[in-house]
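Undergrad: okay, here's the prediction I keep looking at, along with the sequence it came from:
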Amino acid sequence: MPYARTTDDTALYYEVHGEGEHTLLLLAGQSNSHHWWDCARPDFDAVFRTIVLDYRGIGRSDKPDTNSYSTRGFAADVLAVLDHLGAGRVHVYGTSMGGRVAQWLAADHPERVGRLVLGCTSPGAPHGVERDDEVRRALAQPDAKAARRALLELMYTPDWLATHPGPYNTIGERGTPGHVLRRHRKASADHDSWAALPAITAPTLVVHGTDDRFNPTANAPLLAERIPDARMELIEGARHAYFEEFRAVASPLVLDFLTT
């Protein structure tokens, strides 16, 4: 299996698809594996060499129970994968927590990022807009089935759920150890890139669904205004998993940005 080693010798699983001249790195959401991109990735494989990976703790990657989990640390891990593959300058498309990781990659290593797409993401709690208490209560309820249903309804519209029974690759990787889930939640909750965002030099597209309550839509203009010359596109009616349910709109939008 293909693995890269980080500076602390953590093994990270990755996959490479497509045969394009340029490389696109796809970064998944919190506690999710590379399967997060299974639906949309083929749209990009036709144009790019795509890289997907499992964060530390997730999927086939090592699962250390250490204080090594942070969005900035995940960006350093991503850089180890790119170095292992000999990938120099790449385009980066990160969604949800993957967008937070992508922010650090672009800010800390501008020479490695060609174009940047930030989907359904946030600059972090200190300056961003957090989900409301109703959403928090729905996700924290003790009935596991009800909490799962609440999460699905935050990701997808009722019409989509009625016609797509699953499996769903965007609601967390099954079998993930408890210590990893806790550390991923903390990494995402502690994210604060606000001071670094003006240092991003890559042409940037910010994409968000208009009906996203999981990561409120109000974060999109905050990012677009904070990152120099960033452009914002809102997808009408979309919830958090816009890139899957609204793939017919989102993929062409992103491809056009990445190829022009």
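TA: Yes, it's here. All of these numbers come straight from a predicted model, not from anything done at the bench.
Undergrad: where do the helices sit along this protein?
TA: For the chain, the helices defined by DSSP state H cover 41-45, 71-85, 97-108, 133-140, 144-155, 158-163, 178-189, 219-226, 242-245, 247-259.
Undergrad: which one of these lies closest to residue 200?
TA: helix 97-108 (4.7 Å; CB to CB). All C-beta spots, glycine's among them, are computed from the backbone N, C-alpha and C.
Undergrad: contacts for that closest one?
TA: 26-30, 36, 71-72, 74-75, 78-79, 92-94, 112-113, 116-124, 184, 187-188, 191, 193, 196-197, 199-202, 204 (CB atoms under 8 Å, 6 or more residues apart in numbering).
Undergrad: inside strands: which ones of those?
TA: Residues of the contacts of helix 97-108 located in strands (DSSP state E): 26-27, 92-94, 113, 116-119, 204.
Undergrad: and of those residues, the nearest to residue 6?
TA: residue 27 (15.5 Å).
Undergrad: I'd guessed the closest one sits against residue 92; true?
TA: Yes. Counting by CB atoms under 8 Å, residue 27 touches residue 92, with 6.9 Å between them.
Undergrad: circling back: in JSON lines: the helices of the chain, plus distance to residue 2.
TA: Formatted as JSON lines, the helices of the chain follow (distance: least, CB to CB, whole Å):
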{"stretch": "helix 41-45", "distance to residue 2": "16"}
{"stretch": "helix 71-85", "distance to residue 2": "9"}
{"stretch": "helix 97-108", "distance to residue 2": "19"}
{"stretch": "helix 133-140", "distance to residue 2": "34"}
{"stretch": "helix 144-155", "distance to residue 2": "29"}
{"stretch": "helix 158-163", "distance to residue 2": "33"}
{"stretch": "helix 178-189", "distance to residue 2": "21"}
{"stretch": "helix 219-226", "distance to residue 2": "32"}
{"stretch": "helix 242-245", "distance to residue 2": "24"}
{"stretch": "helix 247-259", "distance to residue 2": "24"}
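Undergrad: please name whichever of those is nearest to residue 9.
TA: Closest among these, using CB to CB: helix 71-85, at 10.3 Å.
Undergrad: buried ones in the closest one?
TA: 71-82, 85 (16 or more other CB atoms under 10 Å).
Undergrad: and that helix, what does it pack onto?
TA: strand 3-5, strand 11-17, strand 23-27, strand 49-53, helix 97-108, helix 178-189 (3 or more CB pairs under 8 Å, 6 or more residues apart in numbering; DSSP states H and E).
Undergrad: and the angle for it with helix 178-189?
TA: Helix 71-85 runs at 100 degrees relative to helix 178-189, counting by axes from the mean of the first three to the mean of the last three CA atoms, to 10 degrees.
Undergrad: got the angle between helix 71-85 and helix 97-108?
TA: Using the same axes, to 10 degrees, the direction of helix 71-85 lies 80 degrees away from that of helix 97-108.
Undergrad: show the average pLDDT along helix 71-85.
TA: For helix 71-85, mean pLDDT rounds to 98.
Undergrad: who touches it?
TA: With CB under 8 Å, 6+ apart, helix 71-85 has contacts from 4-7, 10, 12, 14, 16, 25, 27, 51, 53, 55-56, 88, 90, 97, 100-105, 108-109, 112, 187-188, 190-191, 193.
Undergrad: re earlier: most surrounded residue in the ones in strands among the contacts of helix 97-108?
TA: residue 118 (33 neighbours; other CB atoms under 10 Å).
Undergrad: does that one touch residue 203 like I think?
TA: No. The pair residue 118 / residue 203 is not scored as a contact, 11.7 Å apart, by CB under 8 Å.
Undergrad: residue 63: which of the helices of the chain is closest?
TA: Of these, nearest to residue 63 by CB to CB is helix 178-189, at 5.5 Å.
Undergrad: so which elements touch the closest one?
TA: helix 71-85, helix 97-108.
Undergrad: thanks a lot, catch you later.
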